[in-house]
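# next input, structure requested:
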Amino acid sequence: MCTPAAGRVRLNVGGRVFETTADTLASAGRDTMLGAMLDASWNVPATTSEYFIDRDPACFAVLLDLLRTGGLHLPPHVPEAALCREALYYGLLDRVRAARWADLDGDRLRLAASVPGRAPGDGAAVRAAPDGGCCVAHGAAVRVYNWMLQERRPVHLAHKPVNDAAYLDAATLLVATRDSSGGGVAAFSALTGDLRHRYLLTHDRQPRPFTPGALAFDNHHSTIFASCKGRLNEYGVAAWDAATGEQADFFYEPPACALGDADALQWLHGTGTLMAATMFPRADSSFVTLLDFRCRTVAWSWSDVGTPASLEDKHAVHAVAMEDGWSVCVVNQYDDLGFLDLRSNARGVRWRSGSKLTGRKKVCAEETCYPKLATHGGQLFASTTTGAISVFSGPDHALTSTLRASDGGVVCDLSIGGDRLFALHNEENVFDVWETPPLPII
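Alright, predicted model coming up:
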């Protein structure tokens, strides 16, 4: 047998012989099966003439070419699902994914797929998974998709409509539900749909029913947050330890903050605070608040109560904290963007006309489908009432790209994760998947 020092290695995969170099196999990494084959700990007898691997030779040929060239070339006779199964066996699944798409860049995104859902009715929310998959909330169920967009076993919630969902990690899905007796927060397996844990809420050391709204995590995913409404006026934001599942804290709602109705929560790593946003039409007025759980104080707050008459028909309908950690972007029902400076005592909104940026007339959106915001890599993404997604880049947030979605109608929700952008449509039970193609290999 040829040793790594000799430079050449023979592999018999499912009866087909491949010859390659030790350097090619080593490039897979020692934490992969192929890289480990060169490790002395294998102690392969010197009399062995070649390695035998009882796997699919056609898929192995594609993976070996990926290691040699860095490019993924999938012949028509090799099913993608089979390739991914074999890549998982060899420890090369991340290589396959990296060869399929690059780091997300809003100005280079391409529509990769439009996935029709099989659940009755329209989806209410889409959430990106950290591994490139996603989930879609449909009434009292959450449809779960892996990164190949194959549907896994769904999460069924016994007729309890979903208020929010979020991935604690690639294998764990958190769901917030409501029903006539309240609702709850629970963790489910994203792989099997099985229940893992229910998060209980106590007040004065007594368990209390509650209805959760929005979900969020801190920067290390060690603490879970949920906006909550109790049956005995226990309104606020609850915190649980992600490792133990035990309640860690509860931030009671101060006057004029509307924390219990918050429909968006976001952790701000730079300030160590939690943004809680309660948006129109859930409330008559919109509120954005930064909560400091370390000292249980409101670090900053803003509301559109008392808006000038010239703007009284415009309501902030969604909010997102920018990645600089010092500003919050809001959007109204006319696609206008507004920016709040968290360092400013004036706390006024600096509005920019979305209709001027997109060159269209202002048309009020349907109440069920207001614009949504997301950020990634310093870029700002905003769905519009025309069914497109606008991409804003640079320190001045200039409009740099417009993503035209499929024929599913207006985008009612969007989410970014796993280097993909997911857009859920309002009129049809379908979501779009946007990816950044890899740069050409020279």
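# mind giving me the domain ranges of the chain?
Following automatic domain parsing, the chain resolves into domains at 4-100, 106-435.
# looking at those, which is buried most?
Greatest average neighbour count among the domains of the chain goes to domain 106-435 (a mean of 18), per mean count of other Cβ atoms under 10 Å. C-beta: built from backbone N, CA, C; applies to glycine.
# ends of it, what's the gap?
9 Å (Cα to Cα, to the nearest Å).
# ok, back up a step: how about CSV for the domains of the chain, with mean pLDDT added?
Putting these into CSV (pLDDT from 0 to 100) gives the following:
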stretch, mean pLDDT
domain 4-100, 85
domain 106-435, 87
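# hey, where'd the helices end up in the stretch 51-200 of the chain?
For the stretch 51-200 of the chain, applying DSSP state H, counting those that start in this stretch gives helices covering 57-69, 80-90, 93-100.
# dump the first one to PDB, restricted to CA.
Extracted in PDB, the C-alpha atoms of helix 57-69 (Å, rounded to 0.1, in the frame of the first residue of the first chain):
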ATOM      1  CA  PRO A  57     -18.900   5.300  -6.200                       C
ATOM      2  CA  ALA A  58     -20.700   7.800  -8.400                       C
ATOM      3  CA  CYS A  59     -21.200  10.200  -5.400                       C
ATOM      4  CA  PHE A  60     -17.600   9.600  -4.300                       C
ATOM      5  CA  ALA A  61     -16.400  10.700  -7.700                       C
ATOM      6  CA  VAL A  62     -18.200  14.000  -7.300                       C
ATOM      7  CA  LEU A  63     -16.800  14.600  -3.800                       C
ATOM      8  CA  LEU A  64     -13.300  13.700  -4.900                       C
ATOM      9  CA  ASP A  65     -13.600  16.200  -7.700                       C
ATOM     10  CA  LEU A  66     -14.800  18.800  -5.200                       C
ATOM     11  CA  LEU A  67     -11.600  18.200  -3.100                       C
ATOM     12  CA  ARG A  68      -9.400  18.400  -6.200                       C
ATOM     13  CA  THR A  69     -10.900  21.500  -7.800                       C
END
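# out of the helices of the stretch 51-200 of the chain, which is closest to Pro281?
Set against Pro281 and scored by Cβ to Cβ, those come closest in helix 93-100, at 39.3 Å.
# gap between the closest residue to Leu340 other than its chain neighbours and Phe18?
Distances taken as Cβ to Cβ, 6 or more residues apart in numbering place Val328 nearest to Leu340, at 4.4 Å, with adjacent residues excluded. Distance from Val328 to Phe18, counting by Cβ to Cβ, to the nearest Å: 55 Å.
# kindly report the same for Thr69.
Distance, Thr69 to Phe18, using Cβ to Cβ: 15 Å.
# go on, Glu80?
21 Å.
# hang on, the earlier thing: and the residue nearest to Leu340, what helix or strand is that in?
Val328 belongs to strand 327-332 when assigned by DSSP states H and E.
# packing partners for the helix or strand that comes right after that strand?
Sequence order places strand 337-341 as the next helix or strand after strand 327-332, per DSSP H and E. Strand 337-341 sits against strand 327-332, strand 349-352, with contacts defined as 3 or more Cβ pairs under 8 Å, 6 or more residues apart in numbering; DSSP states H and E.
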